[in-house]
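A.B. asks: Compute the structure for the input listed below.
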Amino acid sequence: MHGIYLRTVAPTATPITTAEAKTQCAIASGIEDHDDYIDALIDRATEAIEKHCNIQMLSATWTLVLDTFPTEIVIVKPPVTAISSIGYTDTSGTAQTLSASAYQTSLSTEFAPARIKPAVGYNWPNTQTDAYEAVTVTFTCGYAEAADVPLTLKHAVAFLVAHWFRNRESVADRTMSKIPDGLEMLLSLEDWGAYA
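C.D. replies: Residues are numbered from 1 along each chain as shown. The predicted structure is shown next:
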């Protein structure tokens, strides 16, 4: 069952620093003319790669919204580090929070989704009939520190920043309209995006 993913708390850091991005762009140390633009490109590149690979690089809070409980809840936003809560609308239309003892989790790795199903001896509760968005799963995903982000992903961000820094306008060459081949290769080194 597909759901709606909503990021409710954004990361407070970026996977690479301005200095790291400037090195990739071959901007000499001490030149700060482009720093604001570089920082904006880091944000956009991070977002683009996260969407392309369906991952979260640095720790953030997300909510998965479902219309009803599936047999197993699958969260495709690795790496998932914690399940904060599972809320639902009961048959009378009242908002409820499921006890953590009522479900079991298998949290994700870099390459696999997180999974949640009822604990042994439990079943999912019934939700309000025909209601949209009757189940909400709040979770934390992403690496705690920039230093924990895999080097391949960090390099991919730097690579894309440099590509956009050098190619700011629309170009006629069709090969420039798609993701650069070097970046495609970086992201294919691992299984990021396998569940996108």
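A.B. asks: Show me where the protein has its helices.
C.D. replies: 18-24, 35-53, 151-166, 181-188 (DSSP state H).
A.B. asks: mind giving me the domain split of this protein?
C.D. replies: Following automatic domain parsing, the chain resolves into domains at 11-57+148-167+174-188, 60-141.
A.B. asks: right, and the ones you listed - which one's nearest G3?
C.D. replies: Closest to G3 of these, according to CB to CB: domain 60-141, at 4.5 Å. From N, CA and C alone the C-beta is placed, and that goes for glycine too.
A.B. asks: Just give me how far that closest one sits from the chain centre.
C.D. replies: How far domain 60-141 lies from its chain's middle: 17 Å, per CA atoms, centre = their mean, to the nearest Å.
A.B. asks: how about the domains of the chain in a markdown table, adding mean pLDDT, mean neighbour count and distance to G3?
C.D. replies: Below are those laid out as a markdown table (pLDDT from 0 to 100; neighbours: other CB atoms under 10 Å; distance: least, CB to CB, whole Å):
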| stretch | mean pLDDT | mean neighbour count | distance to G3 |
| --- | --- | --- | --- |
| domain 11-57+148-167+174-188 | 86 | 17 | 13 |
| domain 60-141 | 95 | 16 | 4 |
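A.B. asks: A144: what's its closest spatial neighbour, skipping adjacent residues?
C.D. replies: Spatially, and ignoring its direct neighbours in sequence, A144 is nearest to S59 (5.6 Å; CB to CB, 6 or more residues apart in numbering).
A.B. asks: That neighbour against F139, yeah?
C.D. replies: No: counting by CB atoms under 8 Å, F139 is not a contact partner of S59; they are 11.0 Å apart.
A.B. asks: May I see the domains of the chain organised as TSV, with distance to H2 added?
C.D. replies: Output for the domains of the chain, formatted as TSV (distance: least, CB to CB, whole Å):
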stretch	distance to H2
domain 11-57+148-167+174-188	12
domain 60-141	9
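A.B. asks: Tabulate the helices of the chain (TSV), appending distance to A82.
C.D. replies: Output for these, formatted as TSV (distance: least, CB to CB, whole Å):
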stretch	distance to A82
helix 18-24	28
helix 35-53	19
helix 151-166	21
helix 181-188	26
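A.B. asks: between these, which gets nearest to A10?
C.D. replies: helix 35-53 (10.0 Å).
A.B. asks: ok, and what's touching stretch 19-27?
C.D. replies: 29, 31, 34-35, 38, 41-42, 154, 157-159, 161-162, 165-166 (CB atoms under 8 Å, 6 or more residues apart in numbering).
A.B. asks: And A82, how far from T105?
C.D. replies: Plainly put, A82 is 9 Å away from T105 if you go by CB to CB, to the nearest Å.
A.B. asks: residues contacting the residue nearest to A144?
C.D. replies: Contacts of S59 by CB under 8 Å, 6+ apart are P11, T81, T140, C141, G142, Y143, A144.
A.B. asks: Now distance to G87 too, for the residues you listed, in a markdown table please.
C.D. replies: Listed next are the contacts of S59 as a markdown table, based on distance: CB to CB, whole Å:
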| residue | distance to G87 |
| --- | --- |
| P11 | 23 |
| T81 | 19 |
| T140 | 16 |
| C141 | 18 |
| G142 | 22 |
| Y143 | 26 |
| A144 | 25 |
